[in-house]
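Chemist: sharing a sequence plus its predicted fold:
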Amino acid sequence: MTLAESFLGLHSSMLLGVFPLDSILSTQGIMVMLLVAYAGAMWVFLTSAPKVYTVMVSDLELAKLFYEGMLDLPAADVPLQYYYNYEQTLGAATDPLYLSTANLTSPATTLNNTEGLWYQLKKNTQLHIISGASLGHKNRQRHVCFDHDCLEQLLLRVQTRRLKHKIRRDEPLNFLVKDYDGRVIEMAEIAR
């Protein structure tokens with residue numbers, strides 16, 4: 001028996017004890033039971049959805065080499081909540097900070113949340129890599145994130161892989177990683 005079935009069964013047995021059968025089977029009673037079932041299904045869906053961290057990078061192809069090659073992150077499927085422009089349906093506007101000037105001039109630019117690279121960071125945690133970050137000091141590749149926990153997990157992955165790195169600052173977290181070709185990648189937490 002699934003959680004939604006047990007939730008629905010629990011509420012229907014409680015309803016039968018409190019309300020007479022004819023009021024439960026009325027149109028209004030059936031609508032209330034359908035709403036309760038829908039609420040239970042949504043609760044199950046939202047609590048099982050993976051946590052998603054987003055990292056903005058200056059070059060998506062180099063980022064793919066870094067996350068798949070050096071960090072050995074497995075590819076992940078796009079989570080269901082990211083289909084159908086989920087954030088835009090909630091009324092969230094795209095922050096202009098996410099858009100680089102290179103992307104603004106490109107005619108093929110779209111704001112589809114499923115684009116980019118998707119990796120499995122932990123069991124119920126995914127990493128969404130998108131383009132849009134500017135190059136750093138000395139034209140370094142930059143990977144920026146607003147979430148401290150995300151960068152801590154990436155730093156831990158860098159350390160466990162024994163990759164050459166240098167922590168520049170703890171708050172906000174900022175560290176450098178050298179890739180196999182000698183390029184320096186700056187991993188930076190953007191303070192809100």
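Modeler: Great, that's in hand.
Chemist: my read: P79 touches Y53, true?
Modeler: No. Counting by Cβ atoms under 8 Å, P79 does not reach Y53; the two are 11.8 Å apart. For glycine as for every other residue, the C-beta is placed from the backbone atoms N, C-alpha and C.
Chemist: counting neighbours, go ahead and name the busier of those two.
Modeler: The residue with more neighbours, out of P79 and Y53, is Y53; 20 against 17, by other Cβ atoms under 10 Å.
Chemist: quick check: that one is in a helix.
Modeler: No. Going by DSSP: H, G, I helix; E, B strand; the rest coil, the assignment for Y53 is strand, not a helix.
Chemist: shared neighbours of P79 and Y53, which are they?
Modeler: Residues touching both P79 and Y53 (Cβ atoms under 8 Å, 6 or more residues apart in numbering): Q126.
Chemist: please report how far L163 lies from V52.
Modeler: 24 Å (Cβ to Cβ, to the nearest Å).
Chemist: compare those two (neighbour count), which wins?
Modeler: Between L163 and V52, V52 has the larger neighbour count (other Cβ under 10 Å), namely 19 against 16.
Chemist: spit out the contact partners of the more buried one.
Modeler: Taking Cβ under 8 Å, 6+ apart as the test, what V52 contacts is P79, Y82, T125, Q126, L127, H128.
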